[in-house]
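Asker: My questions are about this predicted structure, shown below with the sequence.
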Amino acid sequence: MSEQRPGGVEGGAADRSAPDPEEGEAQQEAGVTSAKSRWTSRSGRIARGVLVGLVAGGAGLAVGELIAVATGEASAPVTAAGNWAISITPTWLEQYAIRTFGSNDKTVLLIGVYTTLALAAAVDGVLARARLTLASILTAVVGVVGAIVAVTRPTADTSWLFPSLLAGLAAALVLRWLTILSLKGSQSSAGLTERRRFLFGTLGTAAGALAAGYGGNAWIKKRYNVSDARAKVVLPTPAKALPELPASVHPNVAGLGPFITPTSQFYRVDTALTLPHVDPGDWKLKIHGMVDRPFEITFDELLSYRFEEHDMTLTCVSNEVGGPYVGTARWLGTPLAPLLHRAGVRRGTDMILSTSSDGMTIGSPVEAVLDGRQAMLAIAMNGEALPVKHGFPCRMLIPGLYGYVSATKWLTDLNLTTFAASDAYWTPRGYSPQAPVKTASRIDVPKSGATVPAGPVVLAGTAWATHRGIAAVEVQIDNGAWREARLASSDTPDTWRQWSYEWADAAKGSHRVKVRATDGTGAVQTSAVQDVVPNGSTGYHSITVKVS
């Protein structure tokens, strides 16, 4: 019989569970070796390089945002890069972005800029492990390029150099510091202390960059915000006030939008990556060029002029057939023609080159201002001061022309010149220098692809031929005869007109519905299909309806 130890089985169990000092040391040594192996592996080195590059890039951008608090929002590195990207975007890509992303195109562009910078920073971080000096120089060079891009923007001044320059310098310094810490942690003699120093340095810098970047951006928004100034604007009483619109301008059809587009739903298409915030106390409008008496006016002087209300439909040249970039508002403004008469337009002048506070230029025919139409400098829409995104404190409006040749927002300059001598922003990009709005119509109810019950089906929509008016609208079902729709009451020739049609015998199946309009001159909308470039899309809007 074998001899048992004191405590029997329980004692044996206790012996097996007791820690073995030698075994513990071995496990600890193995763990350290494993961690060190992961730290020195190729994938580990690349991962740390990527991390260092991203953190350094983020720190640089944060510094740029903080500097831009003093120099202006548009001078911040990402914003300046984005505005430069907009200026070199080919027309086909610009139109693709508008069609695909609509008013979110600016957000998509910013995401693209951030993604590009992040990829470049990641590559630079990996390069720094082998060629630290070269990577540092490349980082600084990116800052120099960004500064050049910023300072060459139309409205830039010398101070716009500093956000990108200092961003590049800060990124290069952080890149060097973190890379050196990382390399020390990779040395064979390095212990946990060196690796922890790298990790704490990286995390601390990342947290600081996030806080500084967010804080700088918020500081910029607050410093340059003009919401308070806008709220203090007292709108003048119009000498020519309009009565409320009669209910008859809108067919009582469910799903058909209102005659006057709510301000919050009014389309926005422009090249401003960041909205210009112009304080009316600082605003001035300069009228000069081929005139006898150039002059400037302040916003207070503008408010002392004669003001009128006018209902007007605006549409963008980028609006495809049946598209959403059209809207109607009641505008409050002072007539533009008296200001041109005051300046004394010289013979041979045929173009107004208008400039916004962000440098956008638009060319408009002088004749369209002086021929009697209600061209104006508008300061309010739908009873409120212009929202910032629609041009506060002042924008130009000329009925009958697409926005890119008539509707300058954040207006600051009117240069009387000629089409032969001057090009506006869009002309070198393939757009026509002059562009009257083409007759267009749209089916709004039902939506394309909708399923409706058999029997009477109500179709409804809008049509516009601004400054000519709409005389008739017709619908066609399955290539049948054109049938006249019922027009709602007309407001002015400068606004769209809504229509409805009762399709009394809608049979089961899939049907194609088209619409066309006739303008106030008797000209029928063309069926020829044309893209938005060079001067507006044409063709009939059509939808497919499923009748069940």
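Answerer: Happy to help now that I have it.
Asker: Next secondary structure after the longest helix anywhere in the chain?
Answerer: Counting by DSSP state H, the longest helix found in the chain is helix 192-223. Elements were assigned by DSSP states H and E; along the chain past helix 192-223, the next helix or strand is helix 227-231.
Asker: mean confidence for that next one?
Answerer: Predicted confidence along helix 227-231 averages 95 (mean pLDDT).
Asker: Show me what it is packed up against.
Answerer: For helix 227-231, not one helix or strand is in contact under the criterion 3 or more CB pairs under 8 Å, 6 or more residues apart in numbering; DSSP states H and E. Quick note: C-beta positions are derived from backbone N, CA and C, even for glycine.
Asker: What residues sit buried inside the longest helix of the chain?
Answerer: For helix 192-223, a neighbour-count test (16 or more other CB atoms under 10 Å) marks 194-195, 198, 201-202, 205-206, 209, 212-213, 216-217, 219-220 as buried.
Asker: ok, for G430, nearest residue in space, not its chain neighbours?
Answerer: Distance criterion CB to CB, 6 or more residues apart in numbering; nearest residue to G430, sequence neighbours excluded, is T91 at 4.9 Å.
Asker: List the contacts of that neighbour.
Answerer: Going by CB atoms under 8 Å, 6 or more residues apart in numbering, T91 touches R429, G430, Y431, V533.
Asker: And it, how close does it get to P534?
Answerer: Per CB to CB, to the nearest Å, T91 is found 9 Å from P534.
Asker: repeat for T263
Answerer: As defined by CB to CB, T263 lies at a distance of 30 Å from P534.
Asker: quick one: W160 and V149 touch, right?
Answerer: No. Proximity of W160 to V149 does not meet the contact threshold set by CB atoms under 8 Å, at 9.4 Å.
Asker: Compare the two and say which is more crowded by neighbours.
Answerer: For W160 against V149, the residue with the higher neighbour count under other CB atoms under 10 Å is W160, and the figures read 25 against 20.
Asker: show me what contacts the more buried one?
Answerer: W160 is in contact with T71, G72, A74, S75, A80, A147, A150, V151, R153, counting by CB under 8 Å, 6+ apart.
Asker: Go again with 6 Å.
Answerer: With contact taken as CB atoms under 6 Å, 6 or more residues apart in numbering, W160 is in contact with T71, S75, A150, V151.
Asker: helix/strand/coil for the residue nearest the centre of the chain?
Answerer: The centre of the chain sits closest to K106, judged by CA atoms, centre = their mean, with a distance of 3.3 Å. Taking DSSP: H, G, I helix; E, B strand; the rest coil as the rule, one finds K106 in the helix state.
Asker: residues touching it, list them.
Answerer: L273.
Asker: Quick check: it vs Y425, distance?
Answerer: Remark: distance between K106 and Y425 (CB to CB) = 17 Å.
Asker: and if you look at T544?
Answerer: The gap separating T544 from Y425 is 38 Å, by CB to CB.
Asker: Among those two, which residue is more densely surrounded?
Answerer: Higher neighbour count among T544 and Y425: Y425, with 19 against 12, using other CB under 10 Å.
Asker: Read off the pLDDT value for Q187.
Answerer: pLDDT, Q187: 68.
Asker: Likewise for E194?
Answerer: pLDDT, the model's per-residue confidence, is 77 for E194.
Asker: Enumerate the positions of the helix or strand containing E94 that are buried.
Answerer: Secondary-structure assignment from DSSP H and E places E94 in helix 91-101. Within helix 91-101, the residues that count as buried by 16+ other CB under 10 Å are E94, Q95, A97, I98.
Asker: Number of residues surrounding the closest residue to the third one other than its chain neighbours?
Answerer: Distance criterion CB to CB, 6+ apart; nearest residue to A97, sequence neighbours excluded, is D105 at 4.3 Å. Residues near D105, counting by other CB under 10 Å, number 19.
Asker: Also I148?
Answerer: Neighbours of I148 using other CB under 10 Å come to 15.
Asker: That one falls within a helix, correct?
Answerer: Yes. Residue assignment for I148, taken from three-state DSSP, places it within a helix.
Asker: quick one, what contacts the nearest residue to Y501 once chain neighbours are set aside?
Answerer: Nearest in space to Y501, with sequence neighbours left out and distances taken as CB to CB, 6+ apart, is A485 at 4.0 Å. Applying CB under 6 Å, 6+ apart, we find A485 in contact with V473, V475, W499, Y501.
Asker: Same list (these) but as JSON lines, adding distance to V55 and neighbour count.
Answerer: As requested, the contacts of A485 are exported to JSON lines (distance: CB to CB, whole Å; neighbours: other CB atoms under 10 Å):
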{"residue": "V473", "distance to V55": "61", "neighbour count": "25"}
{"residue": "V475", "distance to V55": "61", "neighbour count": "21"}
{"residue": "W499", "distance to V55": "59", "neighbour count": "29"}
{"residue": "Y501", "distance to V55": "62", "neighbour count": "23"}
